[in-house]
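**Q** Can you look at this prediction? I've put the sequence above it.
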Amino acid sequence: MCASLLGAAGRLMAVLVLVSLAGCVDADKSARQKSEELDARKLAYRDEPYSVRLVDRTKFAKQLQPAEVPAPVHEPPGTIVIYTRDRLLYLIGENGRARRYGVAVGASGFAWSGQAVIGRKAKWPAWYPTDDMRSSSPYLPQRIEPGPHNPLGARALYLYKNGGDTLYRIHGTSEPWTIGTASSSGCIRMINEDVIDLFDRVTIGSKVVVR
């Protein structure tokens, strides 16, 4: 009887050891995969003049991560549609599909809605705070140079209406943790990786609808 129990205990211990080792192997494999994915993401931006901050996507809600989804509205391909309440931006594609991105939108008192077009595109733009911004925040300089700490991030799409600059932008950010919130001064913020992707998919004159 005792010998039988000891034998069973030994077999159980062996199984637990194997399970533990399998877990270690899986953990090592997962770590290697994450490292390889990170290396591939870094490689994609090797020609950028400034460092592109890479974020841990797992820290964001699934709906805020880029995805191909059914188009939420009927608009011509190439149209950008932004749902400020949902903190989501859609680039309308072909065949009833769209590419969805998570964004940050205007804080209370700064939100806006309407239609515009992309009047200008810029890579690593300088930022010129508006007079209103500088009045409320006197510490702001007249110009902030391009780079990782510039509030406009890696790319900016300048929104125009009736031929004039609305002063609203779709742009990257130096504060990726704000994605999914209402925290901007009215502009639409995106993770730098996402705004680079969007930038390459749209053209001057593309329609933008903000709801």
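**A** Cool, got the structure.
**Q** Need the residues that contact the helix or strand where Ser183 lies.
**A** Under the assignment given by DSSP states H and E, the secondary-structure element containing Ser183 is strand 182-184. Among residues not part of strand 182-184, those counted as contacts by C-beta atoms under 8 Å, 6 or more residues apart in numbering are Thr84, Arg87, Ala104, Val105, Gly106, Ala107, Ser108, Phe110, Ala111, Thr178, Arg189. Just so you know, the C-beta spots here come from the backbone N, C-alpha and C atoms, and that holds for glycine as well.
**Q** Then stretch 65-80?
**A** When contacts are taken as C-beta under 8 Å, 6+ apart, the neighbours of stretch 65-80 outside the stretch itself are 57, 81, 83, 89-94, 96-102, 118, 170, 194, 197-198, 202-203, 206-209.
**Q** Filter these down to the buried ones, ChimeraX style.
**A** Here the buried members of these are turned into a ChimeraX selection, burial being counted by 16 or more other C-beta atoms under 10 Å:
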select :81,83,89,90,91,92,93,98,99,100,101,102,118,170,194,197,198,202,206,207,208,209
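**Q** Among the contacts of strand 182-184, which one sits closest to Leu140?
**A** When the contacts of strand 182-184 are compared for distance to Leu140 (C-beta to C-beta), Phe110 comes out closest, at 15.6 Å.
**Q** Pull up the gap between Gly180 and Ser137, please.
**A** As judged by C-beta to C-beta, to the nearest Å, Gly180 and Ser137 stand 24 Å apart.
**Q** same question, Pro148
**A** Relative to Ser137, Pro148 is positioned 21 Å away (criterion: C-beta to C-beta).
**Q** Look at those two and report which has more neighbours.
**A** Shown here are Pro148 and Ser137; by other C-beta atoms under 10 Å, Pro148 has more neighbours (14 against 10).
**Q** which residues sit in contact with the more buried one?
**A** Pro148 makes contact with Tyr50, Ser51, Val52, Arg53, Ser174, according to C-beta under 8 Å, 6+ apart.
**Q** mind redoing it with 6 Å?
**A** With contacts defined as C-beta atoms under 6 Å, 6 or more residues apart in numbering, the neighbours of Pro148 are Tyr50, Ser51.
**Q** what's the most distant pair in the contacts of strand 182-184?
**A** Comparing all pairs in these by C-beta to C-beta, the longest separation belongs to Ser108 and Arg189, at 15.8 Å.
**Q** neighbour-wise, which of the two wins?
**A** Set Ser108 next to Arg189 and count neighbours by other C-beta under 10 Å: Arg189 wins out with 29 against 7.
**Q** what's the distance between that one and Tyr101?
**A** In terms of C-beta to C-beta, Arg189 sits 11 Å off from Tyr101.
**Q** Tell me where the model's unsure across the chain.
**A** Low-confidence regions of the chain, defined by pLDDT under 70, span residues 1-27, 29.
**Q** The lengthiest strand in it: partners in the sheet, and parallel or antiparallel?
**A** The strand of greatest length in the chain, counted in residues with DSSP state E as the criterion, is given as strand 114-123. With DSSP bridges as the criterion, the sheet partners recorded for strand 114-123 are strand 155-161 (antiparallel), strand 207-210 (antiparallel).
**Q** With that, I have no additional questions.
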